[in-house]
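S.K.: With the sequence up front, the predicted model follows.
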Amino acid sequence: MTDQQITDRAITNGKSATNKSDHKGKPREWKEMADDPLSEGFDAHQAEYVIGRTQVGFSTLETGQLFSRSKSGKTLYVKLNDGRAVCLDTRQAIEVSPQKRKTWPIWIVTNFNSTTASKADF
């Protein structure tokens with residue numbers, strides 16, 4: 001290359017500004033959730049709680065809010081952020097894919113009284 005070609009070439013930090021193909025990262029792969037193994041036939045929590053009668057979408061929950069994946073309310077989950085929640089019984093985290101966040105039906109815990117618990121649930 002001649003000196004003129006070198007000075008005409010746009011560079012930033014020693015790399016060409018026009019070559020963007022090196023900057024692509026690995027796309028996130030979402031694992032689909034398995035059916036809740038504790039949704040049926042599990043002992044109730046020690047504390048008293050009530051779940052709502054109608055389903056709502058996962059995206060409507062606030063961070064830190066309690067919910068159940070099943071209508072029976074046998075297992076409780078707490079929302080950690082927009083894409084994750086954790087089960088209070090098994091301490092297993094679940095991931096909710098962006099496609100499923102708006103349509104995934106869950107039941108919100110509307111009333112939770114932990115003072116009635118005789119021992120810690122988790």
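M.R.: Okay, I see it.
S.K.: quick one, phi/psi of the closest residue to K102 other than its chain neighbours?
M.R.: Excluding its sequence neighbours, the residue lying closest to K102 (Cβ to Cβ, 6 or more residues apart in numbering) is S59, at 5.0 Å. In short, each C-beta sits where N, CA and C put it, glycine included. Taking degrees, to the nearest 10, you get phi -70, psi -20 for the backbone angles of S59.
S.K.: ditto for F58
M.R.: Per degrees, to the nearest 10, the backbone of F58 is at phi -60, psi -30.
S.K.: if I read this right, it contacts W104, doesn't it?
M.R.: Yes. The pair F58 / W104 is scored as a contact, 4.5 Å apart, by Cβ atoms under 8 Å.
S.K.: Tell me where this protein has helices.
M.R.: Ranges of helices in the chain, per DSSP state H, are 3-8.
S.K.: Please, where are all the strands along this structure?
M.R.: Taking DSSP state E as the test, the strands found in the chain are 11-12, 15-16, 48-51, 56-57, 66-68, 77-81, 84-87, 93-95, 105-113.
S.K.: OK, contacts around R53?
M.R.: Not one residue lies near R53 by Cβ atoms under 8 Å, 6 or more residues apart in numbering.
S.K.: Next one: it from T75, what distance?
M.R.: 18 Å (Cβ to Cβ, to the nearest Å).
S.K.: L66 reaches Y77, doesn't it?
M.R.: Yes. Look at L66 against Y77 with Cβ under 8 Å: they come within range, at 7.1 Å.
S.K.: If you count surrounding residues, which of those two has more?
M.R.: Relative neighbour count places Y77 above the other of L66 and Y77, with 24 against 20, counting by other Cβ atoms under 10 Å.
S.K.: partner residues bridging the more buried one?
M.R.: Per DSSP bridges, the residues bridged to Y77 are F67, C87.
S.K.: Hmm, it is touching C87, no?
M.R.: Yes. Look at Y77 against C87 with Cβ under 8 Å: they come within range, at 5.4 Å.
S.K.: what touches both of the two?
M.R.: Here Y77 and C87 share the contacting residues I94, scored by Cβ under 8 Å, 6+ apart.
S.K.: Send me stretch 84-91 as CSV with only the CA atoms.
M.R.: The C-alpha coordinates for stretch 84-91 follow below in CSV (Å, rounded to 0.1, in the frame of the first residue of the first chain):
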residue,chain,number,x,y,z
ARG,A,84,-36.6,-14.9,35.6
ALA,A,85,-38.5,-16.2,38.6
VAL,A,86,-37.6,-18.6,41.4
CYS,A,87,-39.7,-21.3,43.1
LEU,A,88,-39.9,-20.9,46.9
ASP,A,89,-40.2,-24.7,47.5
THR,A,90,-37.4,-26.0,45.3
ARG,A,91,-35.3,-22.8,44.9
